[in-house]
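Participant: Sequence first, predicted coordinates after that:
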Amino acid sequence: MTPVETRPASEPAANKRRRHMFALTSLGGAGTVTGSKHLLTLDGHRILIDCGLFQGLKNLRELNWAPFPVDPRSIDAIVLTHAHLDHSGYLPKIVREGFRGRVFATDTTCNVAALILKDSGYIQEKDADYANRKSYSKHKPALPLYGVRDAERAVEAFTAVPYHKTVSLPGGATLTFRHAGHILGAATAEIGWGGKKILFSGDLGRYGDPVMVDPETVSKADYVVVESTYGNRSHDTADPVEQLGAVIEKTVARGGTVVIPAFAVGRAQSLLYYIWALKQAGRIRDVPVYLDSPMAINASELLCAHLDDHRLSPPLCKQVCDIATYVREVEDSKEITANAHPKIIISASGMATGGRVLHHMKSFAPDRKHTILFSGFQAAGTRGRAMLQGARETKIHGQWVPVRAEIAELPMLSAHADGDEIMRWLSALRRPPQQTFVVHGEPDASEALRVRIGRELGWHVAVPRQDQVFTL
């Protein structure tokens, strides 16, 4: 399928045709795993699926500060597949710049996104204030991309949609959510519009995950937009409990602390489950566990409030969440950093791009007896990716910090479907879609998935470029 030209047409007739054209444009999440934004346009109406923040490489992060590619006031509605920042984190800015429509998401995602967005605004305000006080920013003064009040305005635009209920969107479109696994509230989004069905995978979770439900399959779609975070690999099948236990026991034996940068929603709760399993088995029984992230604490409490989104029974959910000491206050966070005894610290952010985990890394990374344990995808340009690739120093708060601690990874803990699981989800479609679009992946992952879908399923597949327009 050939992308249309993006130049404005000069003839009135061409303008008229363009207004009635059904089109898909990836404004983010194209050639990268961050900044997911996919725009559907029909008859002068616009619906944006996801509104994510660019993270990682500087040239991507700078896009967050650029004017939005289309007038935010012209967007009729936003559909949110889940609450992670790379899918929701741009909402406060787009609302501040003029978007006045509704944001449609599952009830759980509305609750989780409220936590994440307010926390994001708070962290950005604090980081800007810290940069100004320490004078390490190139910008005078350093400013946040948005603040807490901007996040609150975005949350006010949310409309909760139940799973499996088809609801109306502006311009005559319809929306149906189904479980995607991945994190609390995550959904695939089926948009019915102009007589077509367009299926967006959002981020697909794992099959057989002990905490999250399996991704629900869909039998029919005219177009599919599918993520490809791990489209070029298969996850390690090693037992995560055994692997996590081995890292913790080895670190504790040499008197060290295990610092785990973790996504506050999803990964932190899975880690608590695996640590609970280790303690139930009689391992690491006396090792204290700290969950040092107010947002992760709130998300853990939501785990027990939204039982339909995961597999844990109410009693087990409470046991898992009670396995850690919750650290809300900054002074308490400083105390566990100063504590010399072996321990486990779970703290956000998951890619070590911000948050309290940076303070722990500044203290523990220079000492060989400690371990920095990464438990999820590390995007290009992040501290996590650099450390996994062998960086022996990392810049935190304007200072270069030596990295002498053991750097470990548990890739089997990923909440993203791997290539085999993505293919399993796609294969449930009873007939080939007219076109499949592979997004939300680094170039090699997206290309590998494109080739695999074409070879194994015989479908027409494209990997969109940033701002490329496709007619549907």
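Facilitator: Cool, the structure landed. Numbering: from 1, shown residues only.

Participant: and this protein, what are its domains?
Facilitator: Under automatic domain parsing, the residue ranges defining each domain of the chain are 12-233+415-471, 240-413.

Participant: mind giving me a markdown table with the ones you listed and columns for mean pLDDT?
Facilitator: Shown next, in a markdown table, are the domains of the chain (pLDDT from 0 to 100):
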| stretch | mean pLDDT |
| --- | --- |
| domain 12-233+415-471 | 93 |
| domain 240-413 | 93 |
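
Participant: what would those look like in CSV with mean neighbour count?
Facilitator: C-beta here means a position set from N, CA and C on the backbone, and glycine is covered the same way. Listed next are those as CSV, based on neighbours: other CB atoms under 10 Å:
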stretch, mean neighbour count
domain 12-233+415-471, 20
domain 240-413, 19
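
Participant: Endpoints of stretch 64-75, how far apart?
Facilitator: 18 Å (CA to CA, to the nearest Å).

Participant: Please state the offset of it from the chain centre?
Facilitator: 21 Å (CA atoms, centre = their mean, to the nearest Å).

Participant: again with stretch 175-183
Facilitator: Counting by CA atoms, centre = their mean, stretch 175-183 comes out at 14 Å from the chain centroid.

Participant: Send me that stretch as PDB with only the CA atoms.
Facilitator: Written as PDB, here are the backbone C-alpha positions of stretch 175-183 (Å, rounded to 0.1, in the frame of the first residue of the first chain):
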ATOM      1  CA  LEU A 175     -14.300   1.800  20.100                       C
ATOM      2  CA  THR A 176     -14.000  -1.700  21.700                       C
ATOM      3  CA  PHE A 177     -11.400  -2.600  24.300                       C
ATOM      4  CA  ARG A 178     -10.100  -6.100  25.000                       C
ATOM      5  CA  HIS A 179      -7.500  -7.300  27.600                       C
ATOM      6  CA  ALA A 180      -3.900  -7.000  26.400                       C
ATOM      7  CA  GLY A 181      -2.100  -8.200  29.500                       C
ATOM      8  CA  HIS A 182       1.100  -6.200  29.900                       C
ATOM      9  CA  ILE A 183       0.100  -4.000  32.800                       C
END
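
Participant: any idea where the strands of the stretch 51-200 of the chain begin and end?
Facilitator: Under the criterion DSSP state E, counting those that start in this stretch, the stretch 51-200 of the chain contains strands at 77-79, 102-105, 158-160, 167-168, 174-179, 187-193, 196-200.

Participant: Just checking: what are the partner strands of the shortest one?
Facilitator: Taking DSSP bridges as the criterion, strand 167-168 forms sheet pairs with strand 174-179 (antiparallel).

Participant: Other residues contacting the partner strand?
Facilitator: 79, 104, 106, 161-169, 186-193, 213-216, 218, 309 (CB atoms under 8 Å, 6 or more residues apart in numbering).

Participant: ranges for the strands of the stretch 201-350 of the chain?
Facilitator: Going by DSSP E, counting those that start in this stretch, the stretch 201-350 of the chain shows strands at 223-227, 258-261, 289-291, 325-326, 344-347.

Participant: isn't R404 right up against T371?
Facilitator: No. Using CB atoms under 8 Å, R404 is not in contact with T371; the gap is 11.1 Å.

Participant: gap between the spatially most central residue of the chain and I116?
Facilitator: For the chain, the residue nearest the mean C-alpha position is H84 (3.7 Å; CA atoms, centre = their mean). Remark: distance between H84 and I116 (CB to CB, to the nearest Å) = 7 Å.

Participant: before we move on, what about A338?
Facilitator: A338 is 29 Å from I116, by CB to CB.

Participant: Give me the helices and strands touching the longest helix along the chain, please.
Facilitator: Longest helix in the chain by number of residues (criterion: DSSP state H): helix 107-134. Helices and strands touching helix 107-134, by 3 or more CB pairs under 8 Å, 6 or more residues apart in numbering; DSSP states H and E, are helix 85-88, helix 91-96, helix 148-155, strand 158-160, helix 294-305.

Participant: Which residues does the first one contact?
Facilitator: Residues from elsewhere that reach helix 85-88, judged by CB under 8 Å, 6+ apart: 29, 33-36, 50-55, 80-82, 113, 116-117, 120, 202-203.

Participant: Can you get me the centre-to-centre distance for that helix and its chain?
Facilitator: That offset, for helix 85-88, works out to 6 Å (CA atoms, centre = their mean).

Participant: tell me the phi and psi of A281?
Facilitator: Phi and psi for A281, reported as degrees, to the nearest 10, are phi -80, psi 0.
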